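**Q** Give me the fold of what follows.
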Amino acid sequence: MRAVPLIPTLILLAATLGLMVFAGWRGAQPPDVVRGPRMAPWRFLMLLSGAVAFLLVIHLGALAGFGPPA
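**A** You can find the predicted model right below:
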């Protein structure tokens, strides 16, 4: 199995960090009673994208040669 190259990993990391910041901003907005309930779970999306970003940072470390000693 081949590893994902560096450039797609960086693109995915940037997109995930962007989603995390956007979802954090949307989740911090006060609810609007007139418009009804929120249909997107923004706080959960923020946590999920943060977890994916963490895994991508670990993958970048593995691409850089960091890992358990052989």
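
**Q** Tell me, how many residues neighbour residue 43?
**A** When neighbours are defined as other C-beta atoms under 10 Å, residue 43 has 14 of them. The way it works is simple: take the backbone N, C-alpha and C, and place the C-beta from them, glycine included.

**Q** typo on my end, residue 37
**A** Applying other C-beta under 10 Å, we find 7 residues neighbouring residue 37.

**Q** Reduced to three states, what does it come out as?
**A** Put simply, residue 37 is coil when judged by DSSP: H, G, I helix; E, B strand; the rest coil.

**Q** Please name the residues that touch it.
**A** residue 31 (C-beta atoms under 8 Å, 6 or more residues apart in numbering).

**Q** same question, the one 5 residues further on
**A** The neighbours of residue 42, taking C-beta under 8 Å, 6+ apart as the test, are 23, 24, 26, 27.

**Q** isn't residue 38 right up against residue 31?
**A** Yes. The pair residue 38 / residue 31 is scored as a contact, 6.8 Å apart, by C-beta atoms under 8 Å.

**Q** thinking again about what came up before, hmm, which two among the contacts of residue 42 are most spread apart?
**A** Within those, 24 and 26 form the most distant pair, 7.5 Å apart (C-beta to C-beta).

**Q** Show me which of residue 38 and residue 31 is the more surrounded one.
**A** residue 38 (13 against 9).

**Q** quick one, what contacts residue 43?
**A** Applying C-beta under 8 Å, 6+ apart, the residues contacting residue 43 are 23, 27.

**Q** pLDDT on the host helix or strand of it, on average?
**A** Secondary structure from DSSP states H and E places residue 43 in helix 42-64. On average, the pLDDT along helix 42-64 is 96.

**Q** how about that helix: buried residues?
**A** Buried residues in helix 42-64, counted by 16 or more other C-beta atoms under 10 Å: 42, 45, 46, 49, 50, 52, 53, 56, 59.

**Q** For the residue nearest in space to the middle of the chain, give its distance to residue 64.
**A** Nearest to the geometric centre of the chain sits residue 49, at 2.7 Å (C-alpha atoms, centre = their mean). Using C-beta to C-beta, to the nearest Å, residue 49 is found at 22 Å from residue 64.
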